[in-house]
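Asks: need a structure here:
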Amino acid sequence: MPRHKEFSEEELLQTAILLFWEKGYCDASVDELIKRSGVAKYGIYATFGSKRALFKAVLNQYAEDRKKDIQRPLRKPYAALPEVLSFFTALPTKLTKKGFQYGCLMANTGMELGVQDQEFSSMVKAFFDETADTMKACLDRAVNLQQLDSRADTEVLARFLINEFRTLLMLAASGNKKRDLKLQMETALTILPDTQ
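Replies: As a prediction, the model looks like this:
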């Protein structure tokens, strides 16, 4: 008779996200996840099959979660230059609060596994490419609303801003203080007009 799952897959994924975010893929273990979640090893392997498959599910869930919290201003249907500036202005505070003290799981995975593992590297690239596309859509709206010069290359600007976003994530994960993140952010944003 087959065993039935007696745990919430969503809760397990959230616990796994925190574990991998804190320790990285190589140093995180399924045994540690068992301790933290209380879910039996059988349940984890029956659901995901392997640590690698679990980590893929973790990265996919993490990407969806970030769309709903830290990236929310950029994903509003009317988001333009004010929302881009609001997104960046809030980052130094958000990234130094509990929950983001490890920076970004995607950025961390890129640094840990990017050269060694093509599949995970592709997942990280897809995450930041999609975020850059979202940023470009905001900047395109800003051009249409005459918040940005019509000659602005929104693709180049979007890529630059997402690279600065990644820099802020790395600085946060390295333990830099809020003032350091703020200075980096303010310097990067000098390429955009102030809407205040």
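Asks: use CA for all of it now, contacts and neighbours both
Replies: OK.
Asks: Who are the contact partners of residue 161?
Replies: Residue 161 makes contact with residue 188 under the criterion C-alpha atoms under 8 Å, 6 or more residues apart in numbering.
Asks: Helix or strand for it, just tell me which one.
Replies: Using DSSP states H and E, residue 161 falls within helix 154-173.
Asks: Then residue 147?
Replies: Going by DSSP H and E, residue 147 is not in any helix or strand.
Asks: mind checking pLDDT for it?
Replies: Per-residue confidence at residue 147 stands at 94 (pLDDT).
Asks: if I look at it, how far off is residue 187?
Replies: For residue 147, the distance to residue 187 (C-alpha to C-alpha, to the nearest Å) stands at 19 Å.
Asks: do the same with residue 77
Replies: 27 Å.
Asks: what's the domain layout of the chain?
Replies: For the chain, automatic domain parsing gives the domain ranges 1-60, 69-191.
Asks: for these, which one ends up most surrounded?
Replies: For the domains of the chain, average neighbour numbers computed from mean count of other C-alpha atoms under 10 Å are highest in domain 69-191, which has a mean of 18.
Asks: now that one: how far from the chain's centre is it?
Replies: 9 Å (C-alpha atoms, centre = their mean, to the nearest Å).
Asks: measure it end to end?
Replies: End-to-end for domain 69-191, by C-alpha to C-alpha: 25 Å.
Asks: next one: stretch 96-105
Replies: The first-to-last residue distance of stretch 96-105 comes to 15 Å (C-alpha to C-alpha).
Asks: Least reliable of the domains of the chain by average pLDDT, please.
Replies: domain 1-60 (a mean of 87).
Asks: Do a quick rundown of the helices in this structure.
Replies: 9-27, 30-37, 41-48, 51-68, 81-94, 105-113, 118-144, 154-173, 178-188 (DSSP state H).
Asks: what's the spacing between the nearest residue to residue 188 once chain neighbours are set aside and residue 140?
Replies: In this structure, residue 188 finds its nearest non-sequential neighbour in residue 164, 6.9 Å apart by C-alpha to C-alpha, 6 or more residues apart in numbering. Distance of residue 164 to residue 140, given as C-alpha to C-alpha: 19 Å.
Asks: And for residue 12?
Replies: Distance from residue 12 to residue 140, by C-alpha to C-alpha: 39 Å.
Asks: Ok, residue 108 next?
Replies: Taking C-alpha to C-alpha, one finds residue 108 at 30 Å from residue 140.
Asks: now do residue 187
Replies: Residue 187 is 22 Å from residue 140, by C-alpha to C-alpha.
Asks: residues contacting the residue nearest to residue 136 when sequence neighbours are not counted?
Replies: Setting aside the residues directly before and after it, residue 136 is nearest to residue 158 in space (C-alpha to C-alpha, 6+ apart), at 5.1 Å. By C-alpha under 8 Å, 6+ apart, the residues touching residue 158 are 132-133, 135-136, 139.
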